[in-house]
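Chemist: quick one: sequence and predicted model below, then my questions.
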2 protein chains.
Amino acid sequence: MPVGFNVDEMKRLDEVVEKRRRVKQGELLFNSGDTFTSLYAIRTGFFKTCVTSEDGREQVTGFQMAGEIIGMDGIVSDRHNCNAVALEDAEVCVMPFATVEDLSRELPALQRHVHKIMSREIVRENSVMMLLGNMRAEERLAAFLLNLLQRLHARGLSQSELVLRMTREEIGSYLGLKLETVSRAFSKFSEEGIIEVKQRYVKILAPEALKKIFNPQTYF
Amino acid sequence: MPVGFNVDEMKRLDEVVEKRRRVKQGELLFNSGDTFTSLYAIRTGFFKTCVTSEDGREQVTGFQMAGEIIGMDGIVSDRHNCNAVALEDAEVCVMPFATVEDLSRELPALQRHVHKIMSREIVRENSVMMLLGNMRAEERLAAFLLNLLQRLHARGLSQSELVLRMTREEIGSYLGLKLETVSRAFSKFSEEGIIEVKQRYVKILAPEALKKIFNPQTYF
DNA sequence: ATTATCTTTTGATGTGTATCAAAGTTCTTT
DNA sequence: AAAGAACTTTGATACACATCAAAAGATAAT
C-alpha cells in the first residue's frame, strides 16, 4: 500500500483490513444498490466496474488491477453506484470504511492517502471524458493500450506486451465504441506493424507509433 | 454548507474559510498546472471546468453552481489538473486544503462530508461516461437539461425555466457534440413543443417528454 | 472427443453526427 | 447610433462508426 509511513504506523494500518475475500472470475465484488460498507484493495486479479442505465445499457467505467482501490462510488449515498465484476480470479482486502475514517483521523498520512486516491479517480475520469468526447476510435484504443501498459509496467511487468483480461465488447463499452470497431482498430494497428495481436495477447512493436496516434500534435 | 453540525462545530467550520475571492466573468479561478492549495466553495456565480489535450482539444468536464465545491482534482498531484472559468461574475470561499484536513481530523462530520463530496463527483463522472458512451445527441441534451433543472430547483429556482450560462459550444463540449448538433437538438425539442427556446432562455413545456427522451424504456 | 457457447474477425451497408458554409441574431465596443 | 465581434441557426454534404450478417476461432460443457 502507501508509502510515507513509519514502522509503527504500518502496524496500525493493518487494522483497516478486516479480512480478505476471494472473488472468482465472473463473480461480483459488489453490485449497484448494495449497501456500502467497505473499500476494497485489490491484492490479485483484475476487475471491471460498470454502471447500467434503466433501459439496460451498460457502460464500463473502469478496469482495476492489483494495488488499486475500488468502492469509493458508494460513499456519497451509502449504496454502491456501480457493479464490480472480477475478470479473473481475484483476492481483495476488505477495508470497512468506518475503520478507514477512524484511523485516518489519527494518521494524517493515511488521511492524505485516502484523499489522493479519490482525487486520482476524479482526474482519471476527467481524462476518460476527454477520450469519449473528443477522440476517434484509433486514438481511444491507443490511449487505452498505453494506459494499461503504463500501469502494468509500474507493477514490474513488461511495457511491450500484455494479455488483455477483457473482451472486445468490454473494451468497446469503456471506450464508447462497438466491439466490431475495437476489433477493426486492433486489425489496423496490426496491419501497420504497430502491434502484434493474437486474441487477447498483444505485443507492442512500435510504442512511438502508438503514442503518435494517441497524441498526434507532439510529433511534427 | 453541510448539515449535521451543532452550533459549536459550525463555529469551527468558519476556520476553513481563509477568505473570499471574486472572479469576474471569463476569468480563471485556477488553471491546469497551478499549484493546488485550496478547495473553493462557490457562493455565487457559475463555473465551467475543462481539461485540454496537448493538441489543443478542450473537454468541458463540468458546470458548477452556487453551493458546489471545486478544486478536488488538484489533491492527487498537488497541481490542478483542469481549468476553472467563471461563466458569470462569481464569488468563492477559499478553503485551504491543509486546514480542511486538519479540521476534519477533529470533526468526523466534516471528514465524512469531504469524503461524500469527492464520492459524489466520482459518481457524477460515472454518469457522464454513460452519457458520452451510450447516448444519442437528443438523449444527452435532455439529460443535461434535466440535471441542470434539478440542481437549480434544489436551490429554490423554478424547475420549468432556466437561463443557460454557457454557449452552445460549451454545452457541446460537455456532451461530446458539436455546437451545431446542440443547436439542432434545441430546435427539434422546440418544434416538438417540449421546450421554448429564446437564445439562452429555456422554458420546459413538457417535462415528461424530456424525461422520456432521456430514459425511453421507463415509458411503455 | 464432441458439441455447444462465446468471442473475434471481416465484409457490406446504413445512419447520426461532423463538417462546411452562410445568414441571422445578439452583445460589445467605440 | 454604428460597427464589429461573438453566438446561434439552418441547410447541404461528408464521413466515422454503427448495424447487420456470416464465418472462423477459441473456450467451456457434456
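Modeler: Here it is on my side, so go on.

Chemist: now the strands for chain A?
Modeler: With DSSP state E as the criterion, chain A has strands at A:19-23, A:28-30, A:38-52, A:58-65, A:69-70, A:83-96, A:161-163, A:195-198, A:201-204.

Chemist: how about those strands, which one is nearest residue B:71?
Modeler: With Cβ to Cβ, the closest approach to residue B:71 among those belongs to strand A:69-70: 21.5 Å. All C-beta spots, glycine's among them, are computed from the backbone N, C-alpha and C.

Chemist: pairing partners for the closest one, with directions?
Modeler: strand A:38-52 (antiparallel) (DSSP bridges).

Chemist: quick one, the partner strand and strand A:19-23 angle?
Modeler: If you take axes from the mean of the first three to the mean of the last three Cα atoms, to 10 degrees, strand A:38-52 sits at 30 degrees to strand A:19-23.

Chemist: burial count for the nearest residue to residue A:29 once chain neighbours are set aside?
Modeler: Excluding the flanking residues, the one nearest residue A:29 by Cβ to Cβ, 6 or more residues apart in numbering or on different chains is residue A:84, at 4.1 Å. Residues lying near residue A:84 (other Cβ atoms under 10 Å in any protein chain shown) number 27.

Chemist: quick one on the thing from earlier: what would the strands of chain A look like in TSV with distance to DNA strand C?
Modeler: What follows is the strands of chain A, written out as TSV (distance: least, Cβ to the nearest atom of the strand, whole Å):
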stretch	distance to DNA strand C
strand A:19-23	17
strand A:28-30	16
strand A:38-52	12
strand A:58-65	13
strand A:69-70	21
strand A:83-96	10
strand A:161-163	11
strand A:195-198	5
strand A:201-204	9
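
Chemist: turn those into a markdown table, including mean pLDDT.
Modeler: Formatted as a markdown table, the strands of chain A follow (pLDDT from 0 to 100):
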| stretch | mean pLDDT |
| --- | --- |
| strand A:19-23 | 94 |
| strand A:28-30 | 96 |
| strand A:38-52 | 97 |
| strand A:58-65 | 97 |
| strand A:69-70 | 98 |
| strand A:83-96 | 96 |
| strand A:161-163 | 95 |
| strand A:195-198 | 95 |
| strand A:201-204 | 96 |
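
Chemist: out of those strands, which gets nearest to residue A:110?
Modeler: Closest approach to residue A:110 among these is made by strand A:83-96 (10.9 Å; Cβ to Cβ).

Chemist: tell me what the closest one is packed against?
Modeler: In terms of contacts (3 or more Cβ pairs under 8 Å, 6 or more residues apart in numbering or on different chains; DSSP states H and E), strand A:83-96 is packed against strand A:19-23, strand A:28-30, strand A:38-52.

Chemist: returning to that earlier point: tell me the bridge partners for the residue nearest to residue A:29.
Modeler: Beta-bridge partners, per DSSP bridges, of residue A:84: residue A:30, residue A:49.

Chemist: correct me if wrong: it contacts residue A:71.
Modeler: Yes - assessed by Cβ atoms under 8 Å, residue A:84 is found in contact with residue A:71 at 7.3 Å.

Chemist: now the common contact residues for these two.
Modeler: Applying Cβ atoms under 8 Å, 6 or more residues apart in numbering or on different chains, one finds that residue A:84 and residue A:71 are jointly contacted by A:30, A:40.
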